[in-house]
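Novice: Test case, fold it:
(one chain, ligands or ions: 2)
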Amino acid sequence: MITVKNLHKTYPGALEPSLSGLSFSFPKGRIAGLLGPNGAGKTTTISILCGLVRADSGDAQIFDLHQDAHHREAIKKMIGIVPQQIALFPQLSALENLTYFGNLYGLKGKPLRTKIEDYLQRFGLEKNGKKEVYKFSGGMKRRTNIIAALLHDPQLLILDEPTAGVDVQSRNMILQFLREYNQQQGVSILYTSHLLEEAQSLCEEVAIIDQGRLVMQGQPLQLIQQHPECRNLEEVFLHHTGLAVRD
Ligand SMILES: Nc1ncnc2c1ncn2[C@@H]1O[C@H](COP(=O)(O)OP(=O)(O)OP(=O)(O)O)[C@@H](O)[C@H]1O
Ligand SMILES: [Mg+2]
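Specialist: Numbering: from 1, shown residues only. Ligands and ions are numbered 1, 2, ... in the order given. Sure, this is the predicted structure:
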């Protein structure tokens with residue numbers, strides 16, 4: 001699904017590097033988790049994979065295509081991105097927002113409208129399509145933000161903390177959707193989080209990163225079994241990343 005090799009990134013003017021030789025990979029068709037504390041480099045890694053941020057050195061590949069000027073457009077069509085910050089026009093309705101994002105991918109007319117209505121229904125938003133997004137709850141905004149990334153049928157869906165700031169009901173709906181989307185449509189999913197319990201139940205494979213480096217990678221149950229003193233993924237995570245608060 002994705003491979004990153006020896007990625008280095010220091011933002012202009014920053015004193016510390018954000019990524020210091022990060023390498024990991026996930027096979028196609030999986031639900032994979034990129035986990036780490038605040039500031040670990042999750043969003044930076046995803047941004048490099050998507051072509052939004054340029055690495056200082058190293059290599060990022062999606063489905064065997066290198067992220068470079070030559071493949072940028074092809075990769076853009078293959079992936080759907082749900083950013084960490086809600087990226088919707090607050091004054092526009094959900095329908096208007098989603099029509100706009102569909103148009104960006106060349107979708108239009110009745111097929112687009114039908115697709116949007118199907119997804120609004122699937123995400124429990126069918127009664128709110130015409131409402132302006134600034135009137136939505138946090139969970140409704142998140143669900144709309146996810147739909148925006150699905151309209152062009154990506155082969156890889158990348159979600160940056162998709163359950164941040166949502167209630168239990170919205171969270172369950174989002175996680176259940178991701179499981180079904182992966183199983184029924186075979187779409188690969190890369191998800192970031194620092195919610196370890198959630199990641200343990202959702203992900204088949206995880207990579208834990210800290211301070212821009214890989215700490216460990218594997219299947220959640222295997223990682224727990226490798227640490228007899230740990231009862232769950234959170235304890236494994238804390239065992240390796242420590243209790244100190246992060247900036
Ligand atoms: N545009 C930027 N300019 C300067 N430094 C940045 C920029 N974006 C991120 N950083 C720094 O890079 C490091 C990694 O940030 P990043 O956002 O990738 O982490 P993260 O794992 O996504 O964290 P979070 O869980 O808080 O979302 C942090 O120290 C952050 O302050
Ligand atoms: Mg982040």
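
Novice: could you list every residue that touches the residue positioned nearest the centre of the chain?
Specialist: In the chain, the residue lying closest to the centroid (Cα atoms, centre = their mean) is L159, at 1.7 Å. L159 makes contact with 82, 146, 149, 178, 189-192 under the criterion Cβ atoms under 8 Å, 6 or more residues apart in numbering. C-betas here are computed from N, CA, C, even on glycine.

Novice: do that again at 10 Å, thanks
Specialist: Taking Cβ atoms under 10 Å, 6 or more residues apart in numbering as the contact definition, L159 lies against 46, 80-84, 142, 145-146, 149, 174, 178, 189-193.

Novice: In strands, which of those residues fall?
Specialist: Taking DSSP state E as the definition of strands, the contacts of L159 contribute 80-82, 189-193.

Novice: Give me the distance between the two termini of stretch 112-130.
Specialist: Distance between the boundary residues of stretch 112-130 (Cα to Cα, to the nearest Å) amounts to 16 Å.

Novice: Can you give me the buried ones in that stretch?
Specialist: Buried positions in stretch 112-130, judged by neighbour count with 16 or more other Cβ atoms under 10 Å: 112, 115-116, 119-120, 122-123, 125, 128-129.

Novice: Likewise for stretch 8-17?
Specialist: Those would be 9, 17, for stretch 8-17 by 16+ other Cβ under 10 Å.

Novice: same thing with stretch 220-239?
Specialist: Neighbour counts using 16+ other Cβ under 10 Å place 220, 223-224, 230, 233-234, 236-237 of stretch 220-239 among the buried residues.

Novice: From the ones in strands among the contacts of L159, which shows the smallest pLDDT?
Specialist: Across the set of those, S193 stands lowest in pLDDT, at 91.

Novice: which ones are touching that one?
Specialist: S193 makes contact with 33-36, 42, 159-164, 199, 202-203, 206 under the criterion Cβ under 10 Å, 6+ apart.

Novice: Out of the residues you listed, which sit inside strands?
Specialist: Secondary structure of the contacts of S193 is defined by DSSP E; positions in strands are 33-35, 159-160, 206.

Novice: Filter these down to the buried ones, ChimeraX style.
Specialist: With 16+ other Cβ under 10 Å as the criterion, this ChimeraX line picks the buried residues out of those:
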select :33,34,35,159,160,206
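
Novice: Now the two most distant members of the ones in strands among the contacts of S193.
Specialist: Across these, no pair lies farther apart than D160 and V206, at 15.2 Å, counting by Cβ to Cβ.

Novice: coming back round to it: list buried residues within the contacts of L159.
Specialist: Among these, those buried by neighbour count (16+ other Cβ under 10 Å) are 46, 80-83, 142, 145-146, 149, 174, 178, 189-193.

Novice: The lengthiest helix in the chain to strand 188-193, inter-axis angle?
Specialist: Using DSSP state H to define each element, the chain has its longest helix at helix 168-185. Orientation note: helix 168-185 sits at an angle of 160 degrees relative to strand 188-193 (axes from the mean of the first three to the mean of the last three Cα atoms, to 10 degrees).

Novice: Could I get the ones in strands among the contacts of S193 in CSV, plus columns for distance to ligand 2 and pLDDT?
Specialist: Rendered in CSV, the data for those read as follows (distance: Cβ to the ion, whole Å; pLDDT from 0 to 100):
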residue, distance to ligand 2, pLDDT
G33, 13, 97
L34, 10, 97
L35, 11, 95
L159, 11, 97
D160, 6, 97
V206, 16, 96
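
Novice: Among the ones in strands among the contacts of S193, which one lies nearest to S93?
Specialist: Out of the ones in strands among the contacts of S193, the one with the shortest distance to S93 is L159. That distance is 23.1 Å, counting by Cβ to Cβ.
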